[in-house]
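J.: Return atomic coordinates for the entry below.
(one chain, ligands or ions: 3)
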Amino acid sequence: MKVTLEELKQKPMPKHIAVIMDGNGRWAINKGLARNAGHRVGVQALKNLIIALDELKIQYLTVYAFSTENWKRPADEVNALMELMIEFIDKEIDYLDEKGVRVNPIGDISRLSGKTYEKIMFAKEKTKNNSHIILNVALNYGGRQEIIRAAKAFCEDVQKGNMQLDDLDEACFSRYLYTAGQPDPDLLIRPSGEMRVSNFLLWQIAYSEFWVTNILWPDFKKEHLWQAIWDYQNRDRRYGGLGGKRS
Ligand code: IPE
Ligand code: IPE
Ligand code: MG
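T.: Ligands and ions are numbered 1, 2, ... in the order given. Predicted coordinates for the structure are as follows:
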């Protein structure tokens, strides 16, 4: 079944979508290409996703671009990914800025190479006043790392006397995460068919709806996004209660 824009607009849109951009390597191998060719097409798929979100007026997007575990890959693949990020920013930053996108890196970007770090900081600084779309780019990101970082920051505030132990509750802890002030993702999309979260947004996805497709990330198109949103809109989010199934 093909979903139309009119149908999607009849029900509430997700406010925040998170995407694990997975399957670039397999896409390339399937075509007899080098893995890095898949990463290159994957970047184009990200641009198309941003355009599609803009059309749907969805404000928050978090994309997993490089995990704390991705350092295990061969150096030439890691370097190619870093180069692609620089290229993406060089090529697209004016477009993103015009569209009102705020580029918000999340993760320990200080561990990236100097050149990559500086380019990402440039993109962040240039777009810092934009609010039309908040694009969280998870780079050297790990959900556990984020939680430990937040716990340390809270403890530091306690040591300094800025906070009391009793101030700590879920809302307070959330303010120490990279996504402070943002709604949690309503919908988590994972292409390439893997049924795991791979250390992505562990805190924030507590009640996100999970949508997995066998489509590989470089092949991910607007129609897949629309299908994901349609399925999301037709689920019963019960949050542990009885939801729409009350009788
Ligand atoms: C996702 O694609 C991109 C990154 C992890 C940076 P993969 O490179 O993981 O692609 P597969 O899973 O090997 O197909
Ligand atoms: C998750 O994909 C990380 C990114 C998409 C950046 P991986 O390909 O690294 O995940 P695993 O290894 O299949 O769990
Ligand atoms: Mg993968």
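
J.: Where does pLDDT dip in this protein?
T.: Where the chain drops to pLDDT under 70, the residues are 245-247.

J.: let's see it at 80
T.: 1, 245-247 (pLDDT under 80).

J.: closest point of it to ligand 2, which residue?
T.: Ligand 2 sits closest to S198 of the chain, with a gap of 3.6 Å, by CB to the nearest ligand atom. The way it works is simple: take the backbone N, C-alpha and C, and place the C-beta from them, glycine included.

J.: I'd assumed A18 was in contact with that residue.
T.: No - contact criterion CB atoms under 8 Å: S198 and A18 do not qualify, at 11.9 Å.

J.: Those two: who's more crowded?
T.: Neighbour count, other CB atoms under 10 Å: between S198 and A18, A18 has more, with 27 against 14.

J.: What helices and strands are in contact with the helix or strand that one falls within?
T.: Here A18, judged by DSSP states H and E, is contained in strand 16-20. Counting contacts by 3 or more CB pairs under 8 Å, 6 or more residues apart in numbering; DSSP states H and E, strand 16-20 packs against strand 60-67, strand 187-190.

J.: For that strand, output the C-alpha coordinates as CSV.
T.: The C-alpha coordinates for strand 16-20 follow below in CSV (Å, rounded to 0.1, in the frame of the first residue of the first chain):
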residue,chain,number,x,y,z
HIS,A,16,11.3,13.4,16.9
ILE,A,17,12.7,10.6,14.7
ALA,A,18,15.9,8.8,15.3
VAL,A,19,17.6,6.8,12.5
ILE,A,20,20.4,4.2,12.7
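
J.: The following helix or strand past that strand and ligand 2 in contact?
T.: Counting by DSSP H and E, the element after strand 16-20 in chain order, helix or strand, is helix 24-30. No - on the criterion CB under 6 Å from any ligand atom, helix 24-30 is out of touch with ligand 2, staying 7.6 Å away.

J.: Mind listing the shared neighbours of S198 and A18?
T.: Y64 (CB atoms under 8 Å, 6 or more residues apart in numbering).

J.: The residue nearest to R26 when sequence neighbours are not counted: neighbouring residues, count only.
T.: Leaving aside its sequence neighbours, R26 sits nearest to L216 (CB to CB, 6 or more residues apart in numbering; 5.6 Å). If you count neighbours by other CB under 10 Å, L216 ends up with 22.

J.: Highest mean neighbour count out of the helices and strands packed on strand 16-20?
T.: Greatest average neighbour count among the helices and strands packed on strand 16-20 goes to strand 187-190 (a mean of 25), per mean count of other CB atoms under 10 Å.

J.: Please list the residues outside the following helix or strand past that one that contact it.
T.: Using DSSP H and E, the next helix or strand after strand 187-190 towards the C-terminus is strand 209-212. Strand 209-212 is contacted by residues 186-191, 193-195, 228, 231-232, 235, 237 when judged by CB under 8 Å, 6+ apart.
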